[in-house]
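A.B. asks: here is my input; please provide its structure:
(chains A and B)
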Amino acid sequence: KAGVTQTPRYLIKTRGQQVTLSCSPISGHRSVSWYQQTPGQGLQFLFEYFSETQRNKGNFPGRFSGRQFSNSRSEMNVSTLELGDSALYLCASSFSGGELFFGEGSRLTVL
Amino acid sequence: EDQVTQSPEALRLQEGESSSLNCSYTVSGLRGLFWYRQDPGKGPEFLFTLYSAGEEKEKERLKATLTKKESFLHITAPKPEDSATYLCAVQVGYTGNQFYFGTGTSLTVIP
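C.D. replies: You can find the predicted model right below:
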């Protein structure tokens, strides 16, 4: 059974640019969540999508957005990048609620 | 304010030297407490879920326990392959998957 796949794994952007990250969940999982991981703050919840609807949202500015497609694949977008957005972005899928299965993450560096 | 605190931040053990990791939490509406293991360059991997005070779960050399205010991850006779960062997370909210994560305990087991 294939795990959660995130692309790209690494990317470098400059301030002011935007970025789109992609996540393919485990087959059959309808819930997809996104987390930002930094050394100082740990994992912070961005948002969760279930059946193409945002079900929960964390305390991040509106520059961070996401969506989920009918096949449960999800994308997140960060606009007007800031240096502080440099982080590991983790996607996690779940069948409905509870145990999360994480991908290996997309490491974003903002210069 | 919902908060999850893990201690210690880092722990070095000799192989075979048992110890415990602590996760204390203050959240409203706890639905479950989860433990994950994260290896460098990887996403977190699920270990345990605990739902009610007094509950215990075991897996190989690991045992997780839960009280009304904290959880412990006991590591018995650890081996070098147990070296990783251990994260605890509390599930909150009425529906869906929203988790608050602690910043983790980095465990190093020395042969």
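A.B. asks: just the closest residue of chain B to chain A, please.
C.D. replies: Chain A sits closest to residue B:43 of chain B, with a gap of 3.1 Å, by Cβ to the nearest Cβ. Bear in mind the C-beta positions are built from the backbone N, C-alpha and C, glycine included.
A.B. asks: ok, that residue - contacts?
C.D. replies: A:4, A:90, A:92, A:102-105 (Cβ atoms under 8 Å, 6 or more residues apart in numbering or on different chains).
A.B. asks: go again using 10 Å as the cut-off
C.D. replies: Residue B:43 sits next to A:3-4, A:6, A:35, A:37, A:43, A:88, A:90-92, A:100-105, B:36 when contact means Cβ atoms under 10 Å, 6 or more residues apart in numbering or on different chains.
A.B. asks: from these, which land in strands?
C.D. replies: A:6, A:35, A:37, A:43, A:88, A:90-92, A:101-102, B:36 (DSSP state E).
A.B. asks: got a ChimeraX select line for the buried ones in these?
C.D. replies: In ChimeraX, a selection of the buried entries from those looks like this (16 or more other Cβ atoms under 10 Å in any protein chain shown):
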select /A:6,35,37,43,88,90,91,92,101,102 /B:36
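A.B. asks: out of the ones in strands among the contacts of residue B:43, who's nearest residue A:13?
C.D. replies: Checking the ones in strands among the contacts of residue B:43 against residue A:13 by Cβ to Cβ gives residue A:88 as the nearest, at 14.4 Å.
A.B. asks: wait, doesn't that closest one sit right on residue A:34?
C.D. replies: No - at 11.3 Å, residue A:88 and residue A:34 do not qualify as touching, with contact defined as Cβ atoms under 10 Å.
A.B. asks: contact residues of chain B facing chain A?
C.D. replies: Taking Cβ under 10 Å from any Cβ of the partner chain as the contact definition, chain B meets chain A at B:4, B:6, B:31-32, B:34, B:36, B:38, B:41-49, B:51, B:85, B:87, B:89, B:91-104.
A.B. asks: 7 Å - rerun?
C.D. replies: Contact residues, chain B versus chain A (Cβ under 7 Å from any Cβ of the partner chain): B:32, B:42-44, B:46, B:49, B:87, B:93, B:95-99, B:101-104.
A.B. asks: if any of those residues are buried, put those into a PyMOL selection.
C.D. replies: Buried residues within the residues of chain B next to chain A, by 16+ other Cβ under 10 Å, are selected in PyMOL with:
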select buried, chain B and resi 32+43+44+46+49+87+93+96+97+98+99+101+102+103+104
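A.B. asks: so what pLDDT did the residue nearest to residue A:58 when sequence neighbours are not counted get?
C.D. replies: Leaving out its chain neighbours, the residue that sits closest to residue A:58 by Cβ to Cβ, 6 or more residues apart in numbering or on different chains is residue A:45, at 3.9 Å. Note for residue A:45: predicted pLDDT of 94.
A.B. asks: now for the one residue sitting closest to the centre of chain A: which residues touch it?
C.D. replies: The centroid of chain A falls nearest to residue A:34 when counting by Cα atoms, centre = their mean (3.5 Å). By Cβ atoms under 7 Å, 6 or more residues apart in numbering or on different chains, the contact list for residue A:34 reads A:46-47, A:66, A:76, A:89, A:91.
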